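Engineer: sequence and predicted structure, then a few things I'm wondering about:
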Amino acid sequence: MYREKFRRRPPKSLDELQGPTQAVVELPLHMDWSGMASYDMAKPRQRMGLYRTVLHEGLHDDLPCYLNRGLLLQMWPVLRTLVGRTVRAVWEDAFPQLASRTRAAA
């Protein structure tokens, strides 16, 4: 049941992910209720934190707005170690190119 919650979230294609690659991004309260809802995309740590938060808390309609295909592919080898096992498995099952980037980086 927990896995099903995440399985419905990813888009049909990574090409749908057209989120920002720069600037400061503000996440809505339903995704980032921890207090730090502002992320500077120029700062690698903050960018990684934004992606981790969106992958865990974002709903299906949020993902194309906040995630960017190129950045996701670039960051995935490290990002996959920061997200939960279920999130990682759902995304790598849905998009084999993510898993292949991990193998290529190893």
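Structural biologist: That came through fine.
Engineer: which outside residues touch the helix ranked longest in the chain?
Structural biologist: Assignment by DSSP state H gives helix 44-57 as the longest helix of the chain. Residues lying outside helix 44-57 but in contact with it, judged by CB atoms under 8 Å, 6 or more residues apart in numbering, are 25, 27, 30-32, 36, 39-41, 62-63, 66-67, 71-72, 75, 78-79, 82-84, 87, 91. C-beta here means a position set from N, CA and C on the backbone, and glycine is covered the same way.
Engineer: repeat for stretch 91-104
Structural biologist: So stretch 91-104 is contacted by 7, 10, 14, 55, 72, 73, 76, 77, 80, 83 (CB under 8 Å, 6+ apart).
Engineer: pick out the most distant pair among those.
Structural biologist: Pairwise distances across those peak at 22.3 Å for 7 and 77 (criterion: CB to CB).
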